[in-house]
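# After the sequence you'll find the predicted model.
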Amino acid sequence: MTKRDFRDKNVKTHMSYQVKNYDHLLGATGLSEQLLKNHFTLYQGYVTNTNKLSDTLAAMLEDGNTGTPEYAELKRRFGWEWNGMRLHEYYFDNMVKGGKSLNADSPLSKKLVEEFGSLENWEKDFRATGALRGIGWTALYLDTTSKRVFNTWINEHDAGHLSGCTPLLIMDVFEHAFMIDYGLKRAGYIDAFFKNIDWTVVSSRFTD
Ligand SMILES: [Fe+2]
């Protein structure tokens, strides 16, 4: 076994990301099977490409090819693919068919009220963020340093993340997340998303 074979074996054995199965979401309120299955396939592509980039960059490092335009562009690409993978996992993980409601006495609920004045105001801001023109994501973030929470817009997969913050609730607002079912009516999709939020999962991501 050559050094490269050994390295490749290690990479594939220990470092490859695995595709998560989200078939349990089929039948979610207001989201068709066709839309969800297409979405799962898109997500799988991000996992594949993240693994491919990880392996390729490791090989380029070992081969001394780091001072090249190819290495630079693949390095830039990595964050886009990786976030495409991980954001989809946060998104699908914070959904469940029919939704699970937020416990009004939970620390997260109290934090949202503290920050936004009321849960209604938080939701209004989250929906408004999701309605921004463009393709990307809406994130409810916890700043682990200040313990504040923010609704933010992430452009595509990689621009707009808040450093050191923990994603609590993630909503996909790329057109592929809703156009099959809703056309240009993104608000209808956001309504459906809210009916499928698993607040048990979202609350579990919050540590005050
Ligand atoms: Fe997506």
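Noted; the coordinates are in hand. Numbers count the residues shown, from 1 in each chain.
# Nearest spatial neighbour of the closest residue to the ion within the chain, chain-adjacent residues omitted?
Relative to the ion, the nearest point of the chain is Asp172 (4.2 Å; C-beta to the ion). For the C-beta atoms, the positions are set from N, CA and C on the backbone; glycine is no exception. Nearest non-adjacent residue to Asp172, counting by C-beta to C-beta, 6 or more residues apart in numbering: Tyr91, 4.9 Å away.
# ok, and the one you found, which helix or strand is that part of?
Per DSSP states H and E, Tyr91 falls inside helix 69-93.
# Quick check: next helix or strand after that helix?
With DSSP H and E, the next secondary element past helix 69-93 is helix 107-116.
# Report pLDDT for the nearest residue to Lys20 once chain neighbours are set aside.
Nearest non-adjacent residue to Lys20, counting by C-beta to C-beta, 6+ apart: Glu89, 5.9 Å away. You'll see Glu89 listed with a pLDDT of 98.
# Now for Glu89, how many residues are close by?
17 (other C-beta atoms under 10 Å).
# What of Asp105?
7.
# for Gly99, same thing?
Applying other C-beta under 10 Å, we find 17 residues neighbouring Gly99.
# Can you give me every residue that contacts it?
Residues near Gly99 by C-beta atoms under 8 Å, 6 or more residues apart in numbering: 29, 194-199.
# what residues are up against the spatially closest residue to Arg205 that is not a sequence neighbour?
Spatial nearest neighbour of Arg205, excluding adjacent residues (C-beta to C-beta, 6+ apart): Leu168 at 4.8 Å. For Leu168, the contacting residues are 108, 139-142, 149, 202, 205-206, by C-beta under 8 Å, 6+ apart.
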